[in-house]
Structures are given as C-alpha cells and as structure tokens.
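S.K.: output the structure for:
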Amino acid sequence: MRLGQRKGQNIASLALALVTMTAAAPATAQQPAADLFPAAVLDVVPPSARVRGVPGTMSVQPRDCRPQPVSAIRRRIVDVAVQEWGFFGFRTAAPADDGANDAPDDGGRRRLRLPPAEAARVAASIAGYWAVTAEGSWIVARQNGRWNGPDGLAARWNAPWSAAFISWVMCEAGLSATAQFQRAVAHHTYIDQALRHRDGVASQAAFIAYDAGESAIEPGDLLCSSRRPVYRTLADRRRQLGVGARSHCDIVVKVDEGGQRVFAIGGNVRGVVSLKELPAVRQPGKALAAHTGNDERPIFAHLKLRY
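M.R.: Numbering: from 1, shown residues only. Here you go, the predicted structure:
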C-alpha cells in the first residue's frame, strides 16, 4: 500500500486522513503495511539503515542524527511517526495499552508474539530504533542470541523498545543534540529532562513538561503515563527525579478539539507501532486533557515541544 508519491506532498495531512478511517474500524482490523516514502517525498533515513546483517548476526552501525531547522521539527516528528505506523500495518490499540503489554504477565505467561514472517520483516527496523541509544549495540547483540534460540525469528525482544522508538523518531525529526533530547532506553530519562527544563535547569531541552490540562496539546507533543510507580502529577515524578520508573510516552499526531479526542502513536504497543484514540476532557479554565480511561495508568505528563 502506498500513501503517496508526489514530491512536496503534505504527508501528514494525507496519512492522517487514514486516522479517522482506521479509528472507525474494529480494533482488530489491520490495513496492509505501507511502503516507506521515497526520500524525495520524505527525507528520512530508514531505521534499518542503522544496522547490518540478518536476525541472528545483526549488528549496529553507528550513524549520527541529522540536525534540521527548528521550523521543520514539529512536522517531521508527526510525518516520521505516521510513516512508521503505516510500515507496521496501521495497527490500533486501546488508550491504556503500553509497552508493558509486550512483557510477561504476572503469571509468567508470554504475550503478543508476532508471527515469524512479520517478526522478520520488522526486525531490522526495531533494531534500528535501538541503534540511536547508548545501549543499542549490546541490546541488539543480546537479541541475536534469542533469534538463534528455540523460538527463532518469533522470539520476543529482550527489552521493551517503546522508548527506543521515541528516541529514533526524535533523532530523524532533527533533534540531533542530547541537550535537545536525551535519547534513551527508558522514557523517564527524557521526561526528567523536560521536567528539569520546566524547573529552569535544562534550558536547551526541546520539550518542557506540563501537567495534563495545563497547556494546549499539539501534534508533535508527547503524552506520558506511568504504571510502576503510578504518577498522577509532575510533582509526583519530581520527588523521584532520576529514579527508574516503568513509564510510557506516545507521540501526538492529531487533536480533535470538537470531538474531544487525541490521536497518538507509540512503539511497542501491543508489540508493534500502534495508534491510540485517547478520550479527552476540558475542565473549566484548563486546556483539553487526554486520558487513558484507566486510573492505574493515568497520563501524568504532557511534554510540549517548544518549537
């Protein structure tokens, strides 16, 4: 499936026309996976270009993040996220789903393993997400052991990759300096960076942290929830700044003010790159605030892109 070919085409508008269509379909529906745009339409280095080899012998190939004009970054964040969503087949997920859905449950049972053919198709892309993080080389090397094990190509990733996905999107969007965005394997790293910016410390950070409903949500922003521990406000996280936490962030790609809903894309959601339709409410005197509908996984942080 192709989203479009014309040079200079408004990729976000074209692709996001599919958001409403997809959201209206049953949650189990899946579109055919989309081809990546040619570079003449969307100049993105595919994540697969950051690795070499096949599953079982794959290795990371270091490659810098290319800076972009600040005026282009918000649009690029949306375009890059939407393209990856299409590559994974335009999957949808429930508002409260996060990277934990791809982990063993409390009984030790495994969840959400992709069919071998699909796992093989997306393996280099997921490895490429890891490649922009400091830990990417050894995580991909460790994954080779799993691919060479009894589960073969169907082996799950050895670590949740949702933060690596966000890190790669920000890299390709043009946030090349770590002072702008701290690429990491855990969401709390860049949540804390945005929170420090709010507190007047990380002045070069591209994102600034707000509580839900404190500032208007825009495409390109990040919405973050937590599940262990459960944070409900920035103040909760501020008391544990720098401490590890099981959290998850999604990239806002569309805001429907009239319909009171926010569309967001995240990685490792139901094991793939997925789209969520988040319900939203507006309290008197506040901006529209998205929520997950699950009191144990509330959206506690809105990371607003400054550009």
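
S.K.: remind me, longest helix of this protein?
M.R.: helix 70-87 (DSSP state H).

S.K.: next SSE after that helix?
M.R.: strand 91-93 (DSSP states H and E).

S.K.: packing partners for whichever helix or strand comes after that next one?
M.R.: Next along the chain after strand 91-93, taking DSSP H and E as the criterion, comes helix 116-131. For helix 116-131, the elements it packs on are strand 51-52, strand 59-60, helix 70-87, helix 136-147, helix 162-173, judged by 3 or more Cβ pairs under 8 Å, 6 or more residues apart in numbering; DSSP states H and E. The way it works is simple: take the backbone N, C-alpha and C, and place the C-beta from them, glycine included.

S.K.: what's the third one packed up against?
M.R.: Which is helix 70-87. Short answer (3+ Cβ pairs under 8 Å, 6+ apart): helix 70-87 packs on helix 11-24, helix 116-131, helix 162-173, strand 246-256, strand 261-269, strand 272-282, strand 299-305.

S.K.: for that helix, what does the pLDDT average out to?
M.R.: When pLDDT is averaged over helix 70-87, the result is 97.

S.K.: now the angle from that helix to helix 162-173?
M.R.: Interaxial angle of helix 70-87 relative to helix 162-173 (axes from the mean of the first three to the mean of the last three Cα atoms, to 10 degrees): 130 degrees.

S.K.: okay, now the unreliable bits of the stretch 51-200 of the chain?
M.R.: 99-112 (pLDDT under 70).

S.K.: quick one, what contacts the residue nearest to Ala120 when sequence neighbours are not counted?
M.R.: Nearest non-adjacent residue to Ala120, counting by Cβ to Cβ, 6 or more residues apart in numbering: Leu153, 4.6 Å away. Under the criterion of Cβ atoms under 8 Å, 6 or more residues apart in numbering, the contact list for Leu153 reads Pro55, Pro116, Ala117, Ala119, Ala120, Ala123, Trp147.

S.K.: the residue lying closest to the fourth one once chain neighbours are set aside and Gln240, how far apart?
M.R.: Same thing as Ala119. Among residues not flanking Ala119 along the chain, Leu153 sits closest, at 5.0 Å (Cβ to Cβ, 6+ apart). Distance check for Leu153 against Gln240: by Cβ to Cβ, to the nearest Å, it reads 38 Å.

S.K.: who does the residue nearest the centre of the chain bridge with?
M.R.: By Cα atoms, centre = their mean, the chain has its centre lying nearest to Gly266, at 3.5 Å. On the basis of DSSP bridges, Gly266 is bridged to Ser274.

S.K.: and Ile299, by the same measure?
M.R.: The partner residues for Ile299, given DSSP bridges, come to Ser225.

S.K.: let me see the contact set for it.
M.R.: The neighbours of Ile299, taking Cβ under 8 Å, 6+ apart as the test, are Ala212, Leu223, Cys224, Ser225, Leu278, Ala289, Ala290, His291, Thr292.

S.K.: and the last one, what element?
M.R.: Yep, that's Thr292 we're talking about. Going by DSSP H and E, Thr292 is not part of any helix or strand.

S.K.: list the contacts of it.
M.R.: Pro95, Ala96, Ser225, Leu278, Pro298, Ile299.

S.K.: which residues does Trp130 contact?
M.R.: Taking Cβ under 8 Å, 6+ apart, we find Trp130 in contact with Val60, Gly136, Ile139, Val140, Trp161, Ala164, Val185.
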